[in-house]
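Colleague: okay, structure incoming, though there's no sequence with it:
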């Protein structure tokens, strides 16, 4: 059975759902990647949050959609893109990003989407139509590149 994709504003998330989403973000970005950083950056209240979960209700993949100018002037953005270890490599990230791009286009028509991609994931985002721009840079000591999906 195909897992449905859910989305919600920050204010409409239940405390339990918000806890589960943040738990996965910390599990992947802080613990798994051994990267202590400030995940709670003050942007979540302004974002649309998107995820899908297992039939048992466990969060399997997550991202947030940031409105234009919140992270990048002149661009909408998709960030905090993660999949749990259980579903990684099985198409979960692609399913999530296709849905996130579609919703971003609905929310912000004709707006290009800019992301900050970990360099190892460049081919994944390129396959979705993103184009790498600029030089490689370190973000939280992990190599990244800016990428844009043009409207």
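Modeller: That came through fine. Note that this is a predicted model, so its numbers are computed, not measured.

Colleague: residue 33: what's it in contact with?
Modeller: By Cβ atoms under 8 Å, 6 or more residues apart in numbering, the contact list for residue 33 reads residue 142. (Each C-beta comes from the backbone N, C-alpha and C, glycine too.)

Colleague: need phi/psi at it.
Modeller: Main-chain torsions, residue 33, degrees, to the nearest 10: phi -90, psi 0.

Colleague: mind checking pLDDT for it?
Modeller: On pLDDT, residue 33 comes in at 90.

Colleague: all helices for the protein, in order.
Modeller: Shown for the chain, the helices assigned by DSSP state H span residues 15-25, 92-107, 122-127.

Colleague: can you say which of those helices is nearest to residue 34?
Modeller: helix 15-25 (14.6 Å; Cβ to Cβ).

Colleague: show me what that closest one is packed against.
Modeller: strand 59-66, strand 76-83 (3 or more Cβ pairs under 8 Å, 6 or more residues apart in numbering; DSSP states H and E).

Colleague: sheet partners, orientation included, of the first one?
Modeller: Paired strands of strand 59-66, with direction, are strand 48-53 (antiparallel), strand 76-83 (antiparallel) (DSSP bridges).
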